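Q: Would you be able to build a 3D model of this:
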Amino acid sequence: MKAHPDCIDLNAQPPRSASDGGATIASRWRYERKFVARGVSVAEVLAIIRRHPSAFREVYPCRAVNNVYLDSSALHDYHDHVSGSAQRLKTRIRWYGPLRGPIDHPTLEQKIKSGLVNAKQSYALPPLHLNGAVDRGALATAFGQAELPELVRSRLRQLEPSLINRYQRHYLLSADRAFRLTVDAALEFHGTRSSANALTPAVHGEDFVILELKFDPRLAAAAASVTNAMPFRLNRCSKYILGIEQLQGT
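A: Got it, this is the predicted structure:
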């Protein structure tokens, strides 16, 4: 699997503004710092995090996160990420709970990367159903019924399911409520590109835990002490990239 070293400038400032079809999203930019913990269980990671000087505590019950990623047939978004493009986008459908069966509250998400900052646009979708296959016709119907900006709708016409992933997520917040931390474990990936469009058997990720620290860009200077106190390796670790490469055997 390819290594993705991370180079971070904590003094960098986010763009003043950005737009996706008329909605200004500059106020939603955030920094994300990712860490990878190897050779320890998720329980051990959580115990270590509770001793962090920022006094992180769980603020929401652990739950299963499921995603269907959408990309072009040539995986343009994947290649943009691997090549380190400063402006890139990932598109996914997210829901919580069981992987298969009815999906009552799916959400379409576009994760936008601009330089060193990220933003996320979310749109409610009508109920879906996943039971051994990703039905592209059902997805097209859901997109047609959803209230989406025209630019988003136009982009979706160029995309198709490229990966399904699933993991268990813990949610933590610092005592001053300035820093959010998610802890993800038990990663599994499914391909979607068989001749029958069937859900492929699960490929399990390596035995590690991924931590994501999220905070407002205005707190970039203060974040240095938070990241420095993390006893885990700072790493650029996209679960989408990891899943595609796991399925490709790289």
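
Q: Can you list the low-confidence ranges for the chain?
A: By pLDDT under 70, the weakly predicted segments of the chain are 1-27, 132, 193-201, 205-206, 250.

Q: mind listing the strands in it by residue range?
A: Ranges of strands in the chain, per DSSP state E, are 19-20, 23-24, 31-38, 57-71, 87-96, 101-103, 107-114, 117-124, 128-130, 160-173, 180-190, 203-204, 208-215, 233-234.

Q: The spatially closest residue to Ala146 that is not a sequence neighbour: neighbour count?
A: Nearest residue to Ala146 in three dimensions, chain neighbours excluded: Leu125, at 5.1 Å (CB to CB, 6 or more residues apart in numbering). The C-beta positions use only the backbone N, C-alpha and C, and glycine is treated the same way. Neighbour count for Leu125, taken as other CB atoms under 10 Å: 21.

Q: Out of the strands of the chain, flag the one nearest Glu147.
A: strand 117-124 (7.0 Å; CB to CB).

Q: ok so, going back, can I get the strands of the chain in a markdown table including mean neighbour count and distance to Gln248?
A: Shown next, in a markdown table, are these (neighbours: other CB atoms under 10 Å; distance: least, CB to CB, whole Å):
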| stretch | mean neighbour count | distance to Gln248 |
| --- | --- | --- |
| strand 19-20 | 13 | 30 |
| strand 23-24 | 11 | 35 |
| strand 31-38 | 18 | 20 |
| strand 57-71 | 17 | 13 |
| strand 87-96 | 19 | 17 |
| strand 101-103 | 15 | 27 |
| strand 107-114 | 18 | 21 |
| strand 117-124 | 16 | 25 |
| strand 128-130 | 18 | 23 |
| strand 160-173 | 20 | 11 |
| strand 180-190 | 20 | 11 |
| strand 203-204 | 12 | 10 |
| strand 208-215 | 20 | 19 |
| strand 233-234 | 16 | 24 |
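
Q: Make a markdown table from these and add distance to Val226 to it.
A: Below are these laid out as a markdown table (distance: least, CB to CB, whole Å):
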| stretch | distance to Val226 |
| --- | --- |
| strand 19-20 | 30 |
| strand 23-24 | 28 |
| strand 31-38 | 8 |
| strand 57-71 | 14 |
| strand 87-96 | 25 |
| strand 101-103 | 35 |
| strand 107-114 | 21 |
| strand 117-124 | 17 |
| strand 128-130 | 37 |
| strand 160-173 | 12 |
| strand 180-190 | 9 |
| strand 203-204 | 30 |
| strand 208-215 | 7 |
| strand 233-234 | 12 |
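
Q: So which of those strands is nearest Leu148?
A: Closest among these, using CB to CB: strand 117-124, at 5.5 Å.

Q: got the angle between the closest one and strand 107-114?
A: 160 degrees (axes from the mean of the first three to the mean of the last three CA atoms, to 10 degrees).

Q: For strand 117-124, which helices and strands make contact with it?
A: strand 31-38, strand 107-114 (3 or more CB pairs under 8 Å, 6 or more residues apart in numbering; DSSP states H and E).

Q: Okay, angle between it and strand 87-96 too, please.
A: Using the same axes, to 10 degrees: strand 117-124 against strand 87-96 is 40 degrees.

Q: Next, the angle from strand 117-124 to strand 208-215.
A: 100 degrees.

Q: Using PDB, write out every CA atom in strand 117-124.
A: These are the backbone C-alpha positions of strand 117-124, laid out as PDB (Å, rounded to 0.1, in the frame of the first residue of the first chain):
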ATOM      1  CA  VAL A 117      -8.600  23.200   4.800                       C
ATOM      2  CA  ASN A 118     -11.800  21.100   4.400                       C
ATOM      3  CA  ALA A 119     -15.500  21.800   4.200                       C
ATOM      4  CA  LYS A 120     -18.500  19.500   3.800                       C
ATOM      5  CA  GLN A 121     -21.800  20.000   2.100                       C
ATOM      6  CA  SER A 122     -24.600  17.700   3.100                       C
ATOM      7  CA  TYR A 123     -28.000  17.000   1.400                       C
ATOM      8  CA  ALA A 124     -30.800  14.700   2.600                       C
END
